[in-house]
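Asker: 3D, please:
(chains A and B)
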Amino acid sequence: MKYQISQTAYVKLALHALKHRSAAVNGILVGRVSGGGGGGGAEEDSASTVSIVDCVPLFHGQLGLLPMLELALTQIEEYFSSHQEGLSIVGCYHANERFDDYDLSGIPRKIGDHIARYFSSACVLLLDNRLLESLAKAGKKPAFSQLFTRDSSRGWRSAPGSSDLVLAESTANEILYDYILEGREQSVTDFDDHLDDISKDWLNPGLFD
Amino acid sequence: MGEGITEVDRLEALVDEGVGDVARYLALIRKLKLRRSSKVAKHGMELLRNSSARAKLGADVWTVYEQVAIAALDCQCLTAAKECIGALLKKFPDSTRVGRLEGMWFEARGSWQQAEKVYASILEEHPTDARILKRKIAMAKAQGNLMGAVDEMNKYLELFMADHECWKELADVYLALQMYKQAAFCYEELILVQPANALFHLGYAEILYTIGGLENLKTAKKYYASAIELSGGKNMRALYGVCLCAAGINQAKGRNVKDEKENSTVHTLAADVIKREYRLKAPKKASLAASILEA
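Answerer: Presented below is the predicted three-dimensional model:
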């Protein structure tokens, strides 16, 4: 199974992490499967690609609590299935609190497990903060994340090569770099922000204007 | 708090353009305990390097040196921080408060052992210095030693058992470790210390819901309800929480008729408030919220 991430999703999740530099952040990945068999299949079909089309930033700071996570997942699934054809939850992303922490801890694993119950090819993206610094040189590769998928024993393993996660648009890194210079991360709204002030939209409609 | 943030944002915009009152901005940041390190470091250093601006601060200058030093450390501007710490050392050569900053300078570089030495020597003379004990907790956390941080916090709380900031920090670390029962205990202490704080009732409810089970859901619902009351009916997480609990309780087995009646009033009221708020403030999401609540 290959994984591809759109510029929209990639830039949005990076900006979310950058907005909250001293906290852990997470979010949901939304997309579809193309090619080969359907997404619910238990077998890996190497001809298929999971396209991560968009993402919804969820929380910053406190990530381990269930009620608002359940609420968010329900709203996200409901929104995307009724408003955007064929899009559903395909995974989640997570950025650790500490700069040099490359472990996939219990919380993103649990969220990944939950998503995997509905979509067996679910993936978890763990942001690598160190690589964000080399953004300018990253070119066509996603500069800063480790991709985790489920292995046969239902644990999460890191995908071996860098070819397993690709950028759908080669301009993604340049765009992200420009946005960082502008401080665009301040405009990201996550589900936490929405709960604090419901007039803020977790769909982030104006973010890329 | 909301109005305070608006004022800070307004001052920040002026200061960014070079026309604001930097001293007032920094004072408000201190008062609200905000973490806006790159702005504080940038504007603070400019202020402090300007001798007439510095003179206008009067006695506040030392507080500002401390504030800017910490902000500079947060941004990895170690030279700037050193400048501020140097000024403070000259004025207060034997101060443990400045000693803490020296230790933090080493921490920012990742020189943990050097920082340890600084703190150990201060603790020799002042074994219950709260600020230094807190640095030991922070260092454990910064090195990813969460269980070590838990140990240090429990030791600290034996000395300072009413320190609600530490109880909250301990709860957060327990939650990161997914040790929910221990986190719940911390929130029980927090509610004892500040029984009218809606956020503590809310936090407790969220943890109980996360642990799960019928009894916990029922208790969570009570604390969500008290959070709603204490926050003047405005806290969206508490309003949603009551509805989530009602749904969870209905799903669990063995509910009795009495509870069912109690269920209907609180969560229906909450659902109505949520729907009304969405219609007013987030109309595009109103139908989405409504359909989730019906389910």
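
Asker: Could you identify the longest strand within chain A?
Answerer: strand A:49-60 (DSSP state E).

Asker: Relative to that one, what are the paired strands and their orientations?
Answerer: Strand pairing for strand A:49-60, using DSSP bridges, gives strand A:2-5 (parallel), strand A:25-34 (antiparallel).

Asker: Can you list the buried residues in whatever helix or strand comes next after it?
Answerer: Following strand A:49-60 in sequence order, the next helix or strand is helix A:67-83 (DSSP states H and E). Residues of helix A:67-83 classed as buried by neighbour count (16 or more other Cβ atoms under 10 Å in any protein chain shown): A:67-73, A:75-80. Glycine gets a C-beta too; all of them are placed from N, C-alpha and C.

Asker: quick one, phi/psi of residue 62?
Answerer: Chain wasn't specified; assuming chain A. phi -100, psi 110 (degrees, to the nearest 10).

Asker: And residue B:249, by the same measure?
Answerer: Per-residue torsions, residue B:249: phi -70, psi -40 (degrees, to the nearest 10).

Asker: State the helix or strand in which the spatially closest residue to it that is not a sequence neighbour lies.
Answerer: Spatially, and ignoring its direct neighbours in sequence, residue B:249 is nearest to residue B:217 (5.1 Å; Cβ to Cβ, 6 or more residues apart in numbering or on different chains). Here residue B:217, judged by DSSP H and E, is contained in helix B:214-230.

Asker: hmm, back to that, got the strands paired with strand A:49-60 as JSON lines, with distance to residue A:183 columns?
Answerer: Formatted as JSON lines, the strands paired with strand A:49-60 follow (distance: least, Cβ to Cβ, whole Å):
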{"stretch": "strand A:2-5", "distance to residue A:183": "23"}
{"stretch": "strand A:25-34", "distance to residue A:183": "17"}
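
Asker: what would those strands look like in TSV with mean neighbour count?
Answerer: As requested, the strands paired with strand A:49-60 are exported to TSV (neighbours: other Cβ atoms under 10 Å in any protein chain shown):
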stretch	mean neighbour count
strand A:2-5	22
strand A:25-34	23
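
Asker: want to throw those into CSV with mean pLDDT?
Answerer: Listed next are the strands paired with strand A:49-60 as CSV, based on pLDDT from 0 to 100:
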stretch, mean pLDDT
strand A:2-5, 91
strand A:25-34, 94
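
Asker: Out of the ones you listed, flag the one nearest residue B:49.
Answerer: Counting by Cβ to Cβ, residue B:49 lies closest to strand A:25-34 out of the strands paired with strand A:49-60; the figure is 35.0 Å.

Asker: Now residue A:165, what are its backbone angles?
Answerer: Dihedral pair for residue A:165: phi -130, psi 120, per degrees, to the nearest 10.

Asker: For it, name its beta-bridge partners.
Answerer: Counting by DSSP bridges, residue A:165 is bridged to residue A:3.

Asker: Helix or strand with the lowest mean pLDDT in chain B?
Answerer: Sorting the helices and strands of chain B by mean pLDDT, DSSP states H and E puts helix B:257-281 at the bottom, at a mean of 79.

Asker: Apologies, that question was intended for chain A.
Answerer: Here the helix or strand of chain A ranked lowest by mean pLDDT, DSSP H and E is helix A:129-132, holding a mean of 72.

Asker: mind exporting that helix as CSV, just the C-alpha atoms?
Answerer: Output in CSV follows, covering the C-alpha atoms of helix A:129-132 (Å, rounded to 0.1, in the frame of the first residue of the first chain):
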residue,chain,number,x,y,z
ASN,A,129,10.8,18.2,14.3
ARG,A,130,14.4,18.1,13.3
LEU,A,131,13.6,17.7,9.7
LEU,A,132,11.4,20.8,9.6
